[in-house]
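Trainee: below are the sequence and a predicted model for it; my questions follow.
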Amino acid sequence: MSQHTISPEITFAPDHLGGTKRIWKTFYLLSILTIFELAIGLTIYNIHKGAHPNASLVLAFKGLVCILTLAKAFYIVSVFMHLGDEIRNMIMTIVVPLALFIWFVIAFLSDGNSWKNLRNTDAGSKPDTHLVAPAAKEPGQKD
């Protein structure tokens, strides 16, 4: 057992060797990703401003921005919040509830959208009682 290890789960690095180097590397990576995201956002803006905007291209760019944002969130949590240095069980106690929360949000949005669409149609939930307006009476006609 080394001098810096108390138990297999707990380790202490001597004086945070390479800590600032890792932070600067992450800073430059996040800066590049942010500049790339801004360039994609400007491209989306110019596509919308054009005469014939391509909806599928805009959707693909928006998906790319979401993926890049998740990558940035991963690096921020891993390096600046030190989650990357934790043991696997600690990481899972944070990641699994987060994944479930994201799944709940997607499920509730999907269910709400289907409920909205059902409410905007009859969808077989109302009895078929179409009211027929009485025929218009001509002037001078008796009941």
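Mentor: That came through fine. Numbers count the residues shown, from 1 in each chain.
Trainee: from now on I want contacts and neighbour counts done on CA atoms only, so please keep to that.
Mentor: OK.
Trainee: just the buried residues of stretch 74-94, please?
Mentor: Within stretch 74-94, the residues scored as buried using 16 or more other CA atoms under 10 Å are 75-76, 78-79, 83-84.
Trainee: now these as CSV including distance to Lys49 and pLDDT?
Mentor: Shown next, in CSV, are the buried residues of stretch 74-94 (distance: CA to CA, whole Å; pLDDT from 0 to 100):
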residue, distance to Lys49, pLDDT
Tyr75, 33, 86
Ile76, 33, 87
Ser78, 38, 83
Val79, 38, 82
Leu83, 42, 79
Gly84, 42, 78
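Trainee: and of those, the nearest to Lys21?
Mentor: Nearest to Lys21, judged by CA to CA, of the buried residues of stretch 74-94 is Val79 at 11.2 Å.
Trainee: give me the nearest residue to the closest one, chain neighbours excluded.
Mentor: The shortest distance from Val79 to any non-neighbouring residue, by CA to CA, 6 or more residues apart in numbering, is to Ile23 (6.9 Å).
Trainee: where's that neighbour, which helix or strand?
Mentor: In the assignment (DSSP states H and E), Ile23 maps to helix 19-49.
Trainee: output the contacting helices and strands for that helix.
Mentor: Applying 3 or more CA pairs under 8 Å, 6 or more residues apart in numbering; DSSP states H and E, we find helix 19-49 packed against helix 55-75.
Trainee: do you know how far the residue positioned nearest the centre of the chain is from Leu109?
Mentor: Nearest to the geometric centre of the chain sits Cys66, at 6.7 Å (CA atoms, centre = their mean). Cys66 is 18 Å from Leu109, where distance means CA to CA, to the nearest Å.
Trainee: now do the lowest-mean-pLDDT helix or strand in the chain: distance to the chain's middle.
Mentor: The least trusted helix or strand in the chain, going by mean pLDDT, DSSP states H and E, turns out to be helix 88-119, with a mean of 87. Its chain's C-alpha centre and that of helix 88-119 lie 10 Å apart, by CA atoms, centre = their mean, to the nearest Å.
Trainee: and what of stretch 49-69?
Mentor: Here stretch 49-69 is found 15 Å from its chain centre; the criterion is CA atoms, centre = their mean.
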